[in-house]
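> could you work out the structure for the sequence below:
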Amino acid sequence: MTDAHLDRCLETIERERLGYVFGYPASLYYLARRAAAAGWNLPLRSAVTWGDMLHPHWRREIEAVFRTRVYDTYGCGEGFQIAAQCGEGAVYHVHALDVVVHYVDEQGNEVPEGRPGHVAITRLHPGPMPMIRYLLGDSAVRMPARRCACGRGFELMQGIEGRSGDVVVTPSGNRLIVHFFTGVLEHFRSIATFQVIQEESDRLLVRIVPGAGFDDSVPPAVRERLRDRGVTDMRIEVEVTDAIERPKSNKHRFILSRVPAEGSHA
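Sure thing, here's the model as predicted:
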């Protein structure tokens, strides 16, 4: 997400007269910031976000710059959508034709309405394997039963918690979201999992857990691949570890950036 690439995206939207944009919240947020800086003021019909937490200040920026409504969606990497916003307020409609959403505590018991609980999914349509009360590692809040102002009768989800992807901002101003790193490291089949930590603006620590076929050639290859993809203004350190500690939420975080990001105000 360099400025040059964001400029090309804005040029494409304007040249093709596109009315809709879809993407990760961080991507659309930085696209909106670039559009504002360039004085770009073409209104859009809508913006749809997925994949990561949509922070309130990101939503405000996207909506203000593109003069449209942001519709956030909630799905999972196992291949199906769970809920989405309709445009009436900030609530989410559960896709009741596809999934049943359970909100449970640490013991697997259903939590009362209005309280956050761990999201457990039961999938209703066929797939490679059954998913019954499948824990996603997220938490969300079930709303009391009522009909949304849009008229749809689906169960409502008040909000989603614990699904946040940090952004690494490089010294040159490039923004690297989690999908940049997964797009690089997924090609190393001998890496079981990883975590990227930014403690300083110009230093990146990549922690990797070795898998089958791992050898000493992997760490330097990871560094080289990241540099080939544009991370040339940071010191890249690769650390091999037996395991990556999970936070209390048990949700694996691929990126931990402890450097204040652009627009980090609430």
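
> other SSEs contacting whichever strand or helix holds Gly117?
Using DSSP states H and E, Gly117 maps to strand 116-123. Here strand 116-123 touches strand 80-85, strand 99-104, strand 134-142, going by 3 or more C-beta pairs under 8 Å, 6 or more residues apart in numbering; DSSP states H and E. (Glycine included, C-beta is placed from N, CA and C.)

> give me the mean pLDDT for that strand.
The average of the pLDDT scores along strand 116-123 is 90.

> mind listing what's buried along it?
Pro116, Gly117, His118, Val119, Ala120, Ile121, Arg123 (16 or more other C-beta atoms under 10 Å).

> now stretch 5-15
Leu6, Cys9, Leu10, Ile13.

> dump those residues to CSV, plus pLDDT and secondary structure.
Shown next, in CSV, are the buried residues of stretch 5-15 (pLDDT from 0 to 100; DSSP: H, G, I helix; E, B strand; the rest coil):
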residue, pLDDT, secondary structure
Leu6, 93, helix
Cys9, 95, helix
Leu10, 96, helix
Ile13, 96, helix
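
> just the strands in the stretch 51-200 of the chain please.
70-76, 80-85, 92-94, 99-104, 116-123, 134-142, 156-161, 168-169, 175-176, 191-200 (DSSP state E, counting those that start in this stretch).

> just send those strands back as CSV, with distance to Val238 too.
Compiled in CSV, these are given as follows (distance: least, C-beta to C-beta, whole Å):
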stretch, distance to Val238
strand 70-76, 29
strand 80-85, 34
strand 92-94, 39
strand 99-104, 38
strand 116-123, 33
strand 134-142, 26
strand 156-161, 32
strand 168-169, 15
strand 175-176, 16
strand 191-200, 9
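
> quick check: which of the ones you listed is nearest to Glu110?
Minimum separation from Glu110 across the strands of the stretch 51-200 of the chain (C-beta to C-beta) falls at strand 99-104, 6.0 Å.

> pull the closest one out as CSV, backbone CA atoms only.
C-alpha atoms of strand 99-104 as CSV (Å, rounded to 0.1, in the frame of the first residue of the first chain):
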residue,chain,number,x,y,z
VAL,A,99,-25.1,-20.7,9.9
VAL,A,100,-26.3,-20.9,13.5
VAL,A,101,-24.3,-18.6,15.8
HIS,A,102,-23.8,-19.7,19.4
TYR,A,103,-22.4,-17.3,22.0
VAL,A,104,-20.7,-19.3,24.8
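
> for the stretch 51-200 of the chain, give me the ranges with low pLDDT.
162-165 (pLDDT under 70).

> OK, contacts around the nearest residue to Arg175 once chain neighbours are set aside?
Of all residues not flanking Arg175 in the chain, Met1 sits nearest, at 4.3 Å (C-beta to C-beta, 6 or more residues apart in numbering). Residues near Met1 by C-beta atoms under 8 Å, 6 or more residues apart in numbering: Ala26, Ser27, Tyr30, Leu31, Asn174, Arg175, Leu176, Ile177.

> again, but for Met143
Val91, Glu113, Gly114, Glu155, Leu156, Met157, Gln158 are the contacts of Met143 under C-beta under 8 Å, 6+ apart.

> got phi/psi on it?
Backbone dihedrals for Met143, given as degrees, to the nearest 10, come out at phi -90, psi 150.

> buried stuff in stretch 178-191?
Quick answer for stretch 178-191 (16+ other C-beta under 10 Å): Val178, His179, Phe180, Phe181, Val184, Leu185, Phe188, Ile191.

> need the residues you listed in TSV with distance to Pro210, can you?
Shown next, in TSV, are those (distance: C-beta to C-beta, whole Å):
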residue	distance to Pro210
Val178	21
His179	23
Phe180	22
Phe181	17
Val184	17
Leu185	12
Phe188	10
Ile191	7
